[in-house]
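Participant: Structure of the sequence below:
(one chain, ligands or ions: 3)
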Amino acid sequence: MSAPIIRPLSQMRGQIRRWKGHGETIGLVPTMGALHEGHLSLVRAARERCDRVVVTLFVNPRQFNNPEDFARYPRTELADAELLGPLAVDALFVPDAAEVYPPDHATTIRVSGVTEPLEGTHRPGHFDGVATVVTLLFNMTQPDAAFFGEKDWQQLQLVRRLVADLQLPLDIVPCPCVRAEDGLALSSRNQRLSPQARSRAAALPQALFAATRRIEAGEPVADVLRAAHADLAAAGFDPVEYLELRDATTLGDPVAGRPARLLVAAMLDGIRLIDNTAVTLRT
Ligand SMILES: Nc1ncnc2c1ncn2[C@@H]1O[C@H](COP(=O)(O)OP(=O)(O)OP(=O)(O)O)[C@@H](O)[C@H]1O
Ligand SMILES: CC(C)(CO)[C@@H](O)C(=O)[O-]
Ligand code: BAL
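Facilitator: Ligands and ions are numbered 1, 2, ... in the order given. I've put the predicted structure just below:
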């Protein structure tokens, strides 16, 4: 059995009201569809913690800085609903773009600081689109908790900042990155890799893991990053958009004694892949 699909916002709101009226808690898993095991891990976490689980499927036009990327984004709604059926998802909410962004819509949510480096530099406008749609989805579904993957580490920091700054009454629950056997982080965009590119893609996590070990062993960060860059170029990644060690929360410069994160974005055969790892810096 497939998960029930809800499209009109009025129907979603009515359902939320009924659940809340019974004192039930709501867990939200926002997605852009083309679901894989990474998404399902978020759904399982929500299922464990909340009485009702709502998954949203909305390919948000405002967060695509590249129109071709938006046009080519995989759309597999019926298969998504089928995948969610066995996980006892209460609703797959698939709002119409016209209900999310009515013609007179004029509000953009912008979070500064955490959104500025890395993805913020390479995908102008992307995080304004994410912050705006996430705020709308929270308002539409009134969750007690929302679940986000650590694969999109910078996005997770943005959402935490947004919820803290706007004093929104919900918990943000981070979920570990799910990887394929060869280490590649699962991502909907992986489907667009040719078989040859897919077999080379594991060089990305391998370079990241090797660099993490070397930094944690105390090697100079600049040397390690240079070597990792060269490994990625040799594997066919072009360009490597960024490969940087950052403070895990502020995404500013890393600080000894505080959690750090190594983050990468790189193109392989025209497909943009991202990944990140935790790095423990010596004090
Ligand atoms: N491999 C993964 N492990 C854990 N969470 C994931 C993974 N992939 C995606 N997610 C999380 O699922 C949620 C929805 O992500 P989204 O629908 O954009 O999927 P995606 O596979 O990341 O697609 P994209 O190709 O856009 O990167 C986000 O919170 C994201 O971090
Ligand atoms: C959080 C999100 C669903 C907002 O469109 C998207 O950025 C994603 O899938 O990570
Ligand atoms: N998973 C992040 C959404 C995006 O790339 O637009």
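Participant: element containing the closest residue to L186 other than its chain neighbours, please.
Facilitator: Of all residues not flanking L186 in the chain, G38 sits nearest, at 4.1 Å (C-beta to C-beta, 6 or more residues apart in numbering). (Glycine included, C-beta is placed from N, CA and C.) Using DSSP states H and E, G38 falls within helix 37-49.
Participant: buried residues in that helix?
Facilitator: Neighbour counts over helix 37-49 (16 or more other C-beta atoms under 10 Å) mark G38, H39, L40, S41, L42, V43, R44, A45, A46, R47 as buried.
Participant: right, quick check: that helix against ligand 1, any contact?
Facilitator: Yes - interface with ligand 1: helix 37-49 contributes G38, H39, S41, L42 (C-beta under 6 Å from any ligand atom).
Participant: list the helices and strands that helix packs on?
Facilitator: Using 3 or more C-beta pairs under 8 Å, 6 or more residues apart in numbering; DSSP states H and E, the elements in contact with helix 37-49 are strand 26-31, strand 52-57, helix 77-84, strand 145-149, strand 171-175.
Participant: circling back to that earlier point, what's the closest of the buried residues of helix 37-49 to ligand 1?
Facilitator: Distances from ligand 1 to these, taken as C-beta to the nearest ligand atom, are shortest for G38 (2.5 Å).
Participant: List the contacts of the nearest residue to L35 once chain neighbours are set aside.
Facilitator: Distance criterion C-beta to C-beta, 6+ apart; nearest residue to L35, sequence neighbours excluded, is D80 at 4.6 Å. The neighbours of D80, taking C-beta atoms under 8 Å, 6 or more residues apart in numbering as the test, are G33, A34, L35, L57, L92.
Participant: What parts of the stretch 51-200 of the chain come near ligand 2?
Facilitator: N60, Q63, V130, V133, V134, D152, Q155.
Participant: need those residues in JSON lines with secondary structure, distance to F209 and pLDDT, can you?
Facilitator: Output for these, formatted as JSON lines (DSSP: H, G, I helix; E, B strand; the rest coil; distance: C-beta to C-beta, whole Å; pLDDT from 0 to 100):
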{"residue": "N60", "secondary structure": "coil", "distance to F209": "31", "pLDDT": "98"}
{"residue": "Q63", "secondary structure": "helix", "distance to F209": "29", "pLDDT": "98"}
{"residue": "V130", "secondary structure": "helix", "distance to F209": "27", "pLDDT": "98"}
{"residue": "V133", "secondary structure": "helix", "distance to F209": "32", "pLDDT": "99"}
{"residue": "V134", "secondary structure": "helix", "distance to F209": "30", "pLDDT": "99"}
{"residue": "D152", "secondary structure": "helix", "distance to F209": "19", "pLDDT": "98"}
{"residue": "Q155", "secondary structure": "helix", "distance to F209": "22", "pLDDT": "99"}
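Participant: near ligand 3, which residues of the stretch 151-283 of the chain show up?
Facilitator: Residues of the stretch 151-283 of the chain lying near ligand 3 (C-beta under 6 Å from any ligand atom): D152, Q155.
Participant: Apply 8 Å and report the result again.
Facilitator: Remark: the part of the stretch 151-283 of the chain in contact with ligand 3 comprises K151, D152, Q155, S187, S188, R189, I274, using C-beta under 8 Å from any ligand atom.
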